[in-house]
Structure formats: structure tokens, C-alpha cells
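A.B. asks: Below are the sequence and a predicted model; questions follow.
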Amino acid sequence: MNTFDTQLHPNVEIDASLRSRRTTSAFRSKKEKTRYWILLSLFIGLGLIATLGLLLYNNPVPVDSPSFIPVVKRRLVAIVAMFIAALCHSFSTVAFQSVTSNRIITPSLLGYESLYSFIQTSTLFFFGAGALVGFTGTGAFFFQVSLMVFMSLILYGWLLSGKYGNLHLMLLVGIIIGSGLNSASGFMRRMLAPSEFDLLQSRLIGSVNNADAEYFPIVIPLVLLTVLCLYFFSRKLNVLSLGKDVATSFGVKYQASIIYTLVLIAVLMSISTSLIGPLTFFGFLVAMLSYQAAPTYDHRYVFPMAFAIGFSILTSAYFLLYHVFHAQTVVSVIIELFGGLIFLIVILRKRSL
Amino acid sequence: MPRNVTVEVENDSRPLFSKQKKLWTFPFILAILCVVTLGIVSLFTGVYDIWGQEDGWDMFFITRVPRTIALMLTGAAMAMTGLIMHLITQNKMVEPTTIGTTEWAGLGLLTVYLLIPGPSLVMRMTGAIVFSFAGTMIFFFFLRRVRLRSSLIVPIIGLMLGAVISAFSTFMTLFFNMSQTIEGWFIGSFAAVQVGRYEYLWMIIIVTFIIFMYANRLTLAGLGEDIAKTLGVNYNHLILLANALIAVAVGIVAAVIGNIPFLGLIVPNIISMIRGDDLRSNLPWVCLMGMGTITLCDIISRTIIMPFEVPVSLILGTVGAVVFIFILLRQRKSRRLR
């Protein structure tokens, strides 16, 4: 079998200077702490610059014109959508990877976008076009998000609790339910009239550019609240990431904490999916980079870094592709592709899973 | 080990006291009858009136017969590839859909479309075969290097790998403006099968024959590298051969029919739940059940919204997902006890 040393994480290599003084700080040395803060402010700066660029660059009307503010307002919608997307994906992926003790899976695997398109398609299929047109506004949005959270709650509660609870099994069942729902909604879509299909198609393609500003007043507080809940759960997450046995012996209620975290993740993912559509590898990319940039296992430091990285990636990718490469339609595809490539490289270099 | 010794060992090592020694048992004949009945039903399902119209019987031989043959061959091929994958990876959750082989085949088709304008079927097929071979080999290479904490992690990684490949395909289609060409592919359907468009599926017979010849050695390979080597099997050759067979079967089906999800997963699992894990005696069963399942699904897909039809992959995807979850949950008790 493999030698034992491969089990050790490269970051955990013990060097002499650290052994002499033990601290309870989240960082191993002052140097790393400074590095963390520098990187964090760099990423925040990058995000802010790209935001300003997106808002102001190439604005067709001059600053003193009265239509300047409306143009900026129009662009601000996309920025807010990116902000929400970055917040949702960074927090949920980091938390998800900690509770699953696995750094290569993302919550997008659990089939939220399949569930989303299934809800939309079956509304149209069973209740007709009138119902789908009427199925808008904050009430419908709320209903959809709560349905998605409810479904994931059933999944978690059923597969994670009890004698045979198993996280990997839950994940796999989630993925398979996702692909089954995809097939089922594809099946229903085949039976729709072309005009109905058009209506549905416009609803299913989500991006930050057609995010509906009408939802922001309820979405933003909800997302902020959920994110804060996760952030204040950081210390528990630190323990949970050590695995079931260790966490239990440290006195954490393992199952309850895991289900609590997963529900928060479900809320974030559902909101993000129904607002801006699916992004599979974005969360993975963000989490990957933030573990590199934040040399610590403390979630109180990893979360902000992940968010800063996520936001700066989204804004700068949009800025570059809009104003430098003029490739507007493929932004999310390129982010996904890049995330996917990193994923490939990471799993091919892994020695154990 | 000289060849005649291998043959001798193979002859002596049949499961002597097993009920499964005899192939032509009553249930097996019953299963054959079922599949034949389904085939006949499939022949006579359709909108065109073959009895009333003058050219009815011409149409019968132009579309109905090829379609039924294509169904049988595809069902057998996908079910067998699933079975072989289960054996050589020692993991019951692995099949072309769950490790990304299908997505690789799609990428191969796309690459051929990009390099050659208006490619012939042979070119598309070659592209699909080459890419699915490469993709399967990459996954095996990865599996052999990595220590796994749980056997369930394999399909999770495989599905993510498939998502990466299909993200790449999406990027290429958007970039080169070809989404229409490839859109139809990802949904497997037998609607377009007719004389002149399905004949390459006959190559699956050759693949089946080779699999039957190597059945015992593949069972040995299923015991793991160390044991297989001790028993005198050239493990690396065998893995290469198995992967090539899988790639050929998946590539042909991908180019001619399209994406057929989950068949390779549910059929061998159900058979092995009932009959255990001897490849040689299970193979005929797996072939038969694969044929039966896909024919049944195709008949449903043709009748459910007559006179139109639904792609069979959507029905298989929905039903297959339900069966897969059932299998997973059934296994979770025994996994825990071990």
C-alpha cells in the first residue's frame, strides 16, 4: 500500500520555528497573518476596481447628462446580482467542503438547478402557460426557494440521520435525483407546444444580466442573514471539518450541526440558482483559491477570503470579457470552463480521496 | 503460462456445484421469450399502417426492422459495457454515464465536426471511439493512483469529470456556433434509424464475441491486480483490452444513436443481485435484460404521445434514476454491517 507520509497535508509539515512556541492563533506565524491581510485587501481592491469599471467604463452618456444615473442604475443590477452570487457560492461551497471533509465537491452537485427547471417546467406542464406567467413576483420566488429548501431538508433528514446515515450516499442520491429530474423535465418539455416552450426557455436561461431587481429587497436580507448564521457557526465548522469521529469526541452534536449547515447551504444555493441560474464549478474554483490564499483552517478567515475572491473573479471576468474581449455571451461558460480545468488538474494530482 | 494450460484451467475451473452451471434453464428460456415478444411488439408499433398501405411492407423493412435490431444491439452493448466496468473497477456504481465516457464521446463527435466539415458516419464514429477510449483510460489511471475512502466517491468524481467535459463541449459549441449540431446528439433516440444508417451497430456482435472469449479472465481481473497477477493473468493487457472494448461499444452507440443513460448501471446490478458475480454465466442474462429494457422503453417512448415520439434516453434517464436510487438504498444496510 501507499506510504504513510502521503496522508500528511503539505501545510502541516512541522518546522522547527513553530514547534518552540505554541499558540492558539489561527495562523502559524506573523508572516502568514500579514500575507493573509495583504491578499484579502488586494482581492477586495481588485473587486472594487472592476466594479467601478463595470459601472462607469464605456458609458455612452457623459457624466453631467441627466440620463447618467439611470444607466449606472441599470448596471448596478448586474453588480448586485454578482455580489449575491459570490456571497452564495463562496460561503456555501466552503461550508459544504468542510462538513463533507472533502475539498473537491461542491453543493451545486446536489441538483438545485435541475429542481429549479423541474418546478418551472411542471408548472407550465400541469397548469398551463397562464400559470407560469402568473408565477412571478416575490410570492412565487419565495415559494420556489422554500420548496427547494424543503426538498433538500427531506433528502438530508432521510439519508443523514438514523443508523445507516452516510454522507457519500446522500451526495450520490442527490446527484442521481438531479439527473432524473433533468430527464423528467426534458420529457415534459418534449410534449409542450412550441409557443409554450419559448416561454419556458426564456425563463430557464439565467444570468447576472437578467436577474430580476424586483426580488432584491427580499433576497438581500435573506442572503445576508444566512451568511451571518454560517459565519457565526465558524468555530463549530472548524471542528466539523476534522471528521465525524473527532468532532463527536470534541463534544459537537455531529448530526444536528451537519443538518443545520446543510439547510443554510440549501437556502443559499436555491436563491442563487433561482436568481441567476446554475454555476457548477464557480464555487469549486473560489474555494480552491481561497484555501491557497488563506493558510489557515479557521473558517472565520477562510469565509471572507472566499467571498473577496469570488466577487473579484466575477466582476473582473465580466469586465474583461465585456470591454476588452467583447465576448458577452460566454462569460459564465468561461468561468465554468476555467473552474473545470482547475478541477481536473486538482483531482489528477490527488493521492487519496 | 502457455496457452493450452490457460484453456485447461478455464475448463476445470467452472463452478461445479453451482446451479448456474446450466445456461438453458427454464427462467432463461422464459426471458428469451419475453425479449422476442417485446421485439415483435416493437416491430408492429408505429404510426404508418403497414397492413393497409401498398408499400407497407417496404416501410416495414426500411424502418421497423432496423429499429428493432438497433434496439437489441444497443441494449446488449450498453448493458455489457456496464458489467465489464463493474468488474475491472471493482465498483458497482461505475458505468459509461457515471464516469464521463459518454461526455468524452460527445466531445469526440464535436471535434470531428470542427476538424472536418460534413464528416461521414465512419469519421464521427472514429472520433467518438478515440475520445471515449482516452477518457476511460484517464479515469482508470486516476482510480489506480488514488486511495479511496469510500466506493461511493468514484461515481461522484466521475460525474463531476463528465460535467467538466460537457462544460468544455458547451464552450466549444458556443465559440464555434455549433450548438444546433450537437444539441440533438445529447438526447439519444432511435427515431432516425433506418436502412443505411445503423449498420455499424453490427460491430457490437464482434465486441460481444470477444467479451465472451475473455469472460473468465475478466472475472479474474475483477479480483484485483495482485490476485489476478498471481493467477497468471496479464493484468495490464486485460485492462487495456477491456477499455478498448468499452470505448468501441460506447463510441459506436454514441455516433449512431446518441446518449443512452444508466442502462449499464441498472441491468448488471439487478442481475448480480439475483445471480451473483460470475461473468461468464451472467453475460447472456445481462445481454437479454439490456435488450428487453431498452426495447420496452422505446415502445413506451413511441406510444406515449402518438403520433409523435419522445427520445428514449429521457425515459431511461427518469426510470434509471429511480432504479439506481433504489439499488443504492438497498445496499446501504449491507455496507454498514461490513
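C.D. replies: In hand now; what should we look at?

A.B. asks: For the helix or strand harbouring B:Leu110, give the mean pLDDT please.
C.D. replies: Assigning secondary structure by DSSP states H and E places B:Leu110 in helix B:101-115. For helix B:101-115, mean pLDDT rounds to 86.

A.B. asks: what helices or strands is that helix leaning on?
C.D. replies: For helix B:101-115, the elements it packs on are helix B:121-145, helix B:153-175, helix B:179-183, helix B:235-256, judged by 3 or more CB pairs under 8 Å, 6 or more residues apart in numbering or on different chains; DSSP states H and E. Just so you know, the C-beta spots here come from the backbone N, C-alpha and C atoms, and that holds for glycine as well.

A.B. asks: nearest spatial neighbour of A:Tyr231, skipping sequence neighbours?
C.D. replies: Excluding its sequence neighbours, the residue lying closest to A:Tyr231 (CB to CB, 6 or more residues apart in numbering or on different chains) is A:Phe303, at 5.8 Å.

A.B. asks: typo on my end, it should be A:Leu224
C.D. replies: In space, A:Leu224 is closest to A:Leu87, 7.9 Å off (CB to CB, 6+ apart).

A.B. asks: next structured bit after the helix or strand hosting B:Leu30?
C.D. replies: Taking DSSP H and E as the definition, B:Leu30 sits inside helix B:26-43. Of the helices and strands lying after helix B:26-43 in sequence (DSSP H and E), the nearest is helix B:56-59.

A.B. asks: buried stuff in that next one?
C.D. replies: By neighbour count on 16 or more other CB atoms under 10 Å in any protein chain shown, the buried set for helix B:56-59 is B:Met59.

A.B. asks: hmm, back to that, can you say which of the helices and strands packed on helix B:101-115 is nearest to chain A?
C.D. replies: helix B:153-175 (3.6 Å; CB to the nearest CB).

A.B. asks: just the angle between the closest one and helix B:121-145, please?
C.D. replies: 140 degrees (axes from the mean of the first three to the mean of the last three CA atoms, to 10 degrees).

A.B. asks: count of neighbours near B:Gly251?
C.D. replies: Using other CB atoms under 10 Å in any protein chain shown, the number of residues around B:Gly251 comes to 27.

A.B. asks: correction: B:Ile252
C.D. replies: Around B:Ile252 there are 25 residues (other CB under 10 Å).

A.B. asks: cool, and B:Ala79?
C.D. replies: 29.

A.B. asks: And B:Val122, by the same measure?
C.D. replies: Using other CB under 10 Å, the number of residues around B:Val122 comes to 10.

A.B. asks: Give me the pLDDT for it.
C.D. replies: pLDDT at B:Val122 comes out at 82.

A.B. asks: what sits against it?
C.D. replies: In this structure, B:Val122 makes contact with B:Tyr200, judged by CB atoms under 8 Å, 6 or more residues apart in numbering or on different chains.

A.B. asks: One more pass at 6 Å, please.
C.D. replies: Contacts for B:Val122 (CB atoms under 6 Å, 6 or more residues apart in numbering or on different chains) come out as none.

A.B. asks: Indicate the residue of the stretch 251-353 of chain A located nearest to chain B.
C.D. replies: Residue nearest to chain B within the stretch 251-353 of chain A: A:Gly340 (3.6 Å; CB to the nearest CB).

A.B. asks: Residues of chain A that sit close to chain B?
C.D. replies: A:2, A:164, A:168-169, A:171-173, A:175-176, A:179-180, A:183-184, A:186-187, A:190-191, A:280, A:330, A:333, A:336-337, A:340, A:343-344, A:350, A:352-353 (CB under 6 Å from any CB of the partner chain).

A.B. asks: follow-up on the earlier one: quick check: buried residues in the helix holding B:Leu30?
C.D. replies: Here helix B:26-43 shows B:Ala31, B:Cys34, B:Val35, B:Leu38, B:Gly39, B:Ser42 as buried, counting by 16+ other CB under 10 Å.

A.B. asks: for stretch B:88-100, same thing?
C.D. replies: For stretch B:88-100, by 16+ other CB under 10 Å, it's B:Ile88, B:Thr89, B:Asn91, B:Lys92, B:Met93, B:Val94, B:Glu95, B:Pro96, B:Thr97, B:Thr98, B:Ile99, B:Gly100.

A.B. asks: how about TSV for those, with distance to chain A and secondary structure added?
C.D. replies: As requested, those are exported to TSV (distance: CB to the nearest CB, whole Å; DSSP: H, G, I helix; E, B strand; the rest coil):
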residue	distance to chain A	secondary structure
B:Ile88	19	helix
B:Thr89	14	helix
B:Asn91	12	coil
B:Lys92	12	coil
B:Met93	7	coil
B:Val94	12	coil
B:Glu95	12	coil
B:Pro96	14	coil
B:Thr97	8	coil
B:Thr98	9	coil
B:Ile99	12	coil
B:Gly100	11	coil
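
A.B. asks: ok, B:Gly317 touching B:Pro261?
C.D. replies: Yes. Taking CB atoms under 6 Å as the definition, B:Gly317 is a contact partner of B:Pro261 at 4.7 Å.

A.B. asks: Next to chain A, which bits of the stretch 51-200 of chain B? Give me the list.
C.D. replies: So the stretch 51-200 of chain B meets chain A at B:146-148, B:150, B:152-153, B:156, B:159, B:163-164, B:167, B:170-171, B:174 (CB under 6 Å from any CB).

A.B. asks: now, the most widely separated pair of those residues?
C.D. replies: B:Arg147 and B:Leu174 (37.9 Å; CB to CB).

A.B. asks: Which one of the two is surrounded by more residues?
C.D. replies: Comparing B:Arg147 with B:Leu174 by other CB under 10 Å, the one with more neighbours is B:Leu174, at 15 against 12.

A.B. asks: returning to that earlier point: which residues are in contact with the helix holding B:Leu110?
C.D. replies: Contacts for helix B:101-115 (CB under 6 Å, 6+ apart): B:96, B:119, B:123-124, B:127-128, B:131-132, B:135-136, B:162, B:165-166, B:169, B:172, B:181-182, B:250-251, B:254, B:259.

A.B. asks: ok, residue 215 - contacts?
C.D. replies: All of this refers to chain A. A:Tyr215 touches A:Phe141, counting by CB under 6 Å, 6+ apart.

A.B. asks: um, chain B though
C.D. replies: B:Leu279, B:Arg280.

A.B. asks: cool, and the one 4 residues further on?
C.D. replies: Applying CB under 6 Å, 6+ apart, we find B:Thr219 in contact with B:Leu279.

A.B. asks: Quick check, central residue of the chain?
C.D. replies: This is for chain A. A:His89 (1.5 Å; CA atoms, centre = their mean).

A.B. asks: think we crossed wires, I meant chain B
C.D. replies: Mean-position check on chain B, CA atoms, centre = their mean. Result B:Met78 at 1.3 Å.

A.B. asks: so it makes contact with B:Gly264?
C.D. replies: Yes. Proximity of B:Met78 to B:Gly264 meets the contact threshold set by CB under 6 Å, at 4.9 Å.

A.B. asks: Could you tell me the per-residue confidence at the closest residue to chain A within the stretch 1-150 of chain B?
C.D. replies: Per CB to the nearest CB, B:Arg147 is where the stretch 1-150 of chain B lies closest to chain A, at 4.0 Å. At B:Arg147, the predicted lDDT confidence score is 74.

A.B. asks: which regions of chain B lie under the pLDDT threshold?
C.D. replies: Applying pLDDT under 70 to chain B flags the ranges B:1-23, B:47-53, B:177-188, B:332-338.

A.B. asks: repeat that for 50
C.D. replies: Residues of chain B meeting the criterion pLDDT under 50: B:1, B:16-17, B:19-20, B:336-338.

A.B. asks: Chain A now?
C.D. replies: Using pLDDT under 50, chain A drops low at A:1-14, A:16-17, A:20.

A.B. asks: how does it look with 90?
C.D. replies: A:1-40, A:43, A:46-85, A:96-222, A:230, A:233-285, A:287-302, A:313-353 (pLDDT under 90).

A.B. asks: how about the residue of the stretch 1-150 of chain B closest to chain A, phi and psi?
C.D. replies: B:Arg147 adopts backbone torsions of phi -90, psi 130, taken as degrees, to the nearest 10.
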